[in-house]
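A.B. asks: how does the following fold in three dimensions:
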Amino acid sequence: MTMSLSSPITGAAQTGLTSPTYTIVTDMAPDANGKQYAVSAIGGTQAGVDTSSTVNRPWTLTFFRPKAFKVLGKPNPSTGLITSVPRNVWKFLTRKGVIPLAGQPAATMMIETIIHVPAGADTADAANVRAALSSHLGALAQASSGIGDTSVTGVM
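C.D. replies: Model prediction:
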């Protein structure tokens, strides 16, 4: 996979975090079709944020590619249309141990971005596949602080 991260990661803006950075180390992904990193240290001002990455309190970033790539089928000989377009599914998963209540054991928070690319679009329309990803990731980065505020306050 050409997907890779370099350390440190510069964090996106969030209320209460100043210049957040995350030092990562290569980790073993839970599946052969994945690539995983663990957060080993933080930088900037992040009061209350821990860097422990344990079984009970993970902090990992994992990319998964399809186990078997799907290809576009043949068009119907009479209509010329492809009736069913399979999708190749990519996933990016962040896992972070968080405390649900003081004195309680950690629970794992998960953030998933799942990308469904119609088979064939990777070659027939690569520019638009890239544009969709660019706008999606740009919107997440731009709205990072607001997403964090909404996730904490429930107010949208």
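
A.B. asks: what about the helices in the chain?
C.D. replies: Assignment of helices within the chain using DSSP state H yields the ranges 121-124, 126-142, 144-153.

A.B. asks: now the second one: buried residues?
C.D. replies: So the one you mean is helix 126-142. Val129 (16 or more other CB atoms under 10 Å). (Each C-beta comes from the backbone N, C-alpha and C, glycine too.)

A.B. asks: separation between the most centrally placed residue in the chain and Ser19?
C.D. replies: By CA atoms, centre = their mean, the chain has its centre lying nearest to Phe92, at 3.0 Å. Per CB to CB, to the nearest Å, Phe92 is found 23 Å from Ser19.

A.B. asks: tell me the buried residues in stretch 111-130?
C.D. replies: Val117, Pro118, Ala119, Gly120, Ala121, Val129.

A.B. asks: so the residue in the chain sticking out farthest from the centre versus Phe92, what's the distance?
C.D. replies: Note on the chain: the largest C-alpha distance from the chain mean falls to Ser78, namely 41.7 Å (CA atoms, centre = their mean). Relative to Phe92, Ser78 is positioned 41 Å away (CB to CB).

A.B. asks: can you map out the strands along the protein?
C.D. replies: Secondary structure of the chain (DSSP state E): strands at 9-10, 18-27, 34-45, 59-64, 87-98, 107-118.

A.B. asks: so which of the ones you listed is the most surrounded?
C.D. replies: Greatest average neighbour count among these goes to strand 59-64 (a mean of 21), per mean count of other CB atoms under 10 Å.

A.B. asks: wait, what's in contact with Asn128?
C.D. replies: Ala121 (CB atoms under 8 Å, 6 or more residues apart in numbering).

A.B. asks: and it, how close does it get to Lys67?
C.D. replies: 25 Å.

A.B. asks: repeat for Tyr22
C.D. replies: 28 Å.

A.B. asks: can you give me the pLDDT of the spatially closest residue to Ala107 that is not a sequence neighbour?
C.D. replies: Nearest residue to Ala107, sequence neighbours excluded (CB to CB, 6 or more residues apart in numbering): Pro100, at 5.1 Å. Pro100 carries a pLDDT value of 94.
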